[in-house]
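[1] Build the 3D model from these lines:
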Amino acid sequence: MSVSTAAAAAPDRATDVGVIDSDVHPNFEAGIRDLIPYMTDTWRQRMGFGQEGWETSFAASAFHLPLNYLHVNTAGAFRKDAAFEGKPPASDARHTARDLFDRHDISRGLLIAGQMFGIGAMPQAEVAATLASAYNEWMDERWLQVDDRYRGALIIAPQDPDLAVAEIERMAGRDAIAAIFMPLHEILWGEKHYHPIFEAAQRHELPVVTHPSGTESIFARAPKMAGTPTFYIEWHAGLAQIHYSNVLSMLCHGTFERFPGLKVVIAEGGFTWLAELMWKLDRDWQSLRDEVPWIKRPPSEYILDHVWCTTQPFVEPHKKEHVAQVLDMVCADRNLIFSSDYPHWDFDDPQRALAAIDPALRRRIMVEAPLEVYGDRIR
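    A predicted model of the protein is given here:
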């Protein structure tokens, strides 16, 4: 696909890097139809993109991405002030760069496919993989080549590891690709199903990023929460269950012994649960280690070496003095990295969200730790 947009003026990659934002969501301007130019005619027809008018409003007549259509956030998902000239929030790369990078003094932003979260819940792996490839081309042309401060997390479809690895091989060498985004699926991450994907990620030295999908407990192939939430607030507050379960699965299956170079980033999944998981699993491992002999170190050590969580939504305890205590409990200097979640309604301003913590720790979370996670690809 030829590039029609000239790169905007931005900091050179060789310069010093400032605040790094690990969760920025670019949005479509015209919905999933933005991907049509990046698909073959066969796939366009298969997905019903040739239909117009009233036919596209019926689920049986046109393709729709999986999403949580059952729990409604009455406040809306996005910041209204992130919209631009009648376009949806974060659908214009240049405006987003001004509104996020320039306005909030952010040096780099990792793009995570906001409107593609749910493809891990799709029943057809080939369809999901086709959408992932089209999205990666769209992201490359419409965002990565527009402003040098953007970095991309190439998206893969987790249903078919072979197709996922093929997409990693196709995209990993592209300029400005800094991570792999693997949407959530019904299979927990410690299972052998993901071994080919983790091997490819390790080989290319790309962190694997995940994020709440918006499909949890909604679709048959989506990750499952405990029970079926009734309200949006109930569903939203319980999303961390999924990430707790996936990290637990990876630890118990010895994933990090098998892939010692693997890095995992959990975006917008909370982080206070890490303390409980480390304490509980270390305790149980002392008595049950014969069951899992491949776990050669206390489980908490694997978490501190291989798992990072993003800050947004940041903790807001009733007593301010508890912030420092919570950060100490989760070893924030080891496994916490900054994210804004732009342009969502619960966006975190980097100048305000972490203002109350120690300046040295703040720099660690905003700059030093992300540089260690992404390496030279983020510079």
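[2] Next, count neighbours for the closest residue to V209 other than its chain neighbours.
    Here the nearest residue to V209 in space, its sequence neighbours aside, is V265; by Cβ to Cβ, 6 or more residues apart in numbering that works out to 4.4 Å. Yep, even glycine has a C-beta here, placed from its N, CA and C like the rest. Residues lying near V265 (other Cβ atoms under 10 Å) number 28.
[3] what lines up beside the helix or strand hosting V265 in the sheet?
    If you go by DSSP states H and E, V265 is part of strand 264-266. Strand 264-266 has these partner strands in its sheet, going by DSSP bridges: strand 208-210 (parallel), strand 307-310 (parallel).
[4] hey, where'd the strands end up in this structure?
    In the chain, strands defined by DSSP state E lie at 19-24, 106-111, 150-155, 177-181, 208-210, 264-266, 307-310, 336-337, listed in chain order.
[5] Figure out which of those strands is closest to I32.
    strand 150-155 (13.6 Å; Cβ to Cβ).
[6] Show me what the closest one is packed against.
    Contact partners of strand 150-155 among helices and strands, from 3 or more Cβ pairs under 8 Å, 6 or more residues apart in numbering; DSSP states H and E: strand 106-111, helix 125-139, helix 161-171, strand 177-181.
[7] distance between the third one and the chain's centre?
    By that I understand helix 161-171. 18 Å (Cα atoms, centre = their mean, to the nearest Å).
[8] residues near R258, how many?
    If you count neighbours by other Cβ under 10 Å, R258 ends up with 15.
[9] brain fart, I155
    Residues contacting I155 under the criterion other Cβ under 10 Å number 30.
[10] same deal with the one 4 residues further on?
    A count of neighbours around Q159, defined by other Cβ under 10 Å, yields 24.
[11] do H236 as well
    Summarising burial for H236: neighbours were counted as other Cβ under 10 Å, giving 17.
[12] who are the neighbours in contact with it?
    H236 is in contact with 71, 73, counting by Cβ atoms under 8 Å, 6 or more residues apart in numbering.
[13] Would you check how far apart it and A125 are?
    28 Å (Cβ to Cβ, to the nearest Å).
[14] same check, this time on E301
    Between E301 and A125 the distance, using Cβ to Cβ, works out to 35 Å.
[15] Show me which of these two is the more surrounded one.
    Under the neighbour definition other Cβ under 10 Å, E301 and A125 were set side by side, and A125 has more, 17 against 14.
[16] just checking, the more buried one touches L163?
    Yes - between A125 and L163 a contact is recorded at 6.2 Å, counting by Cβ atoms under 8 Å.
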